[in-house]
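>>> Sequence isn't available, so here's the structure alone:
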């Protein structure tokens, strides 16, 4: 049976020299004659030799590998984020592994982190609810010294965190709805609103915008999304929620915590026979590519997702090289892209 990988020992045996000679020839050591080096390089090329980094990695306790641990990788939000992460990893000489979790349970998170650490990865980025772990897990996995939280699902002040500016996003989404004349502005959030700090920050921005514009907050306008499956960010669940709320409460503006659920909300509003934005204006969050294709096109909070991914890897590599740094938080600035779900014609609000 043919060996899967050619080793330096195999090459040394074929040439009748020591493995030390092969090592030196590959490194261009002056002790090796040009003739011997040429023979080694020719045979290496012919046999398809690939360097095995495992042994040297074990000696150095370093693999030049980092991991991105995430739930919901199918969300199109991650496409540009991962592209940015990959380019940054390549620039700094690292390989990026992607691990998609089936859920956010403590057992699942622990299992995946432990498996990655067995492979001696140098550090990891977590986009999962790490609050499900406890202090003993943080210590065991050395999370503070080798991890960056993607989004704000870590206890603030304890770990490195990078995230879009969610408070500002919630604020400007709500402010935009107020500026186009909406008075009864609802927010659609998920059932894990309390545990996901990023969603809570968007809600806090929503509340602050209402307060700054002297609009009273009404609890009945804070909609809790129904889940039609185990998926947290669920378009169908949002559709069912808004369909129900349209029968119970009046609102003329809707801020959705991401674009995917905004799609479901828009479908429910249209099905009811209401016009967007004349009757209800809708704002999403994340500015996904599909958001300018739906009808009406979706106004959304936008930010540089590629930059977010790139900066996350840079932050992690800095943490790996300086494990004693104090925990840091970095926010990526956000803005708003205005489309037909809030302004029906260019520069004109139909209300």
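Arrived safely. No experiment lies behind these values; they were computed from the predicted model shown. Residues are numbered from 1 along each chain as shown.

>>> Let me know the pLDDT of residue 152.
If you check residue 152, the pLDDT there is 61.

>>> wouldn't residue 149 be in contact with residue 126 here?
Yes. If you go by CB atoms under 8 Å, residue 149 and residue 126 touch, sitting 5.7 Å apart. The C-beta positions use only the backbone N, C-alpha and C, and glycine is treated the same way.

>>> Quote the end-to-end distance of stretch 11-27.
15 Å (CA to CA, to the nearest Å).

>>> next structured bit after the helix or strand where residue 267 lies?
Remark: residue 267 resides in helix 259-271, with elements defined by DSSP states H and E. Per DSSP H and E, the first helix or strand lying C-terminal to helix 259-271 is strand 281-285.

>>> where do the strands sit along the stretch 1-150 of the chain?
Ranges of strands within the stretch 1-150 of the chain are 65-71, 95-101, 123-127, 147-150, based on DSSP state E, counting those that start in this stretch.

>>> out of these, deepest packed?
Mean neighbour count (mean count of other CB atoms under 10 Å) peaks for strand 147-150 among the strands of the stretch 1-150 of the chain, with a mean of 27.

>>> which residues touch that strand?
Under the contact criterion CB atoms under 8 Å, 6 or more residues apart in numbering, strand 147-150 has outside partners 68, 70, 123-127, 130, 141, 159-163, 312, 315-316, 319.

>>> hmm, back to that, can you list the buried residues in the helix holding residue 267?
For helix 259-271, a neighbour-count test (16 or more other CB atoms under 10 Å) marks 259, 260, 261, 262, 263, 264, 265, 266, 267, 268, 269 as buried.

>>> and the residue lying closest to residue 157 once chain neighbours are set aside, what element?
Closest residue to residue 157 apart from its sequence neighbours, by CB to CB, 6 or more residues apart in numbering: residue 327 at 6.0 Å. Here residue 327, judged by DSSP H and E, is contained in no helix and no strand.

>>> Next, the contact list for residue 327, please.
Residues in contact with residue 327, defined by CB under 8 Å, 6+ apart, are 144, 157, 158, 159, 160, 161.

>>> Of the residues you listed, grab the buried ones for PyMOL.
Applying 16+ other CB under 10 Å to the contacts of residue 327 leaves a buried subset, and the PyMOL line that selects it is:
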select buried, resi 144+159+160+161
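
>>> among the contacts of residue 327, which are in helices?
Within these, residues falling in helices by DSSP state H are residue 144.

>>> What is the lowest-pLDDT residue among the contacts of residue 327?
Lowest pLDDT among the contacts of residue 327: residue 157, 73.

>>> Report the angle between the helix holding residue 267 and strand 281-285.
Here the directions of helix 259-271 and strand 281-285 differ by 160 degrees (axes from the mean of the first three to the mean of the last three CA atoms, to 10 degrees).

>>> which other helices and strands contact helix 259-271?
helix 235-248, strand 253-256, strand 281-285 (3 or more CB pairs under 8 Å, 6 or more residues apart in numbering; DSSP states H and E).

>>> Lowest average pLDDT across those?
Among those, helix 235-248 scores lowest, with a mean of 93.

>>> outside of that helix, which residues touch it?
With CB under 8 Å, 6+ apart as the criterion, helix 235-248 contacts 186, 188, 220, 223-229, 231, 251, 254, 256, 260-265, 267-269, 271-272, 274.
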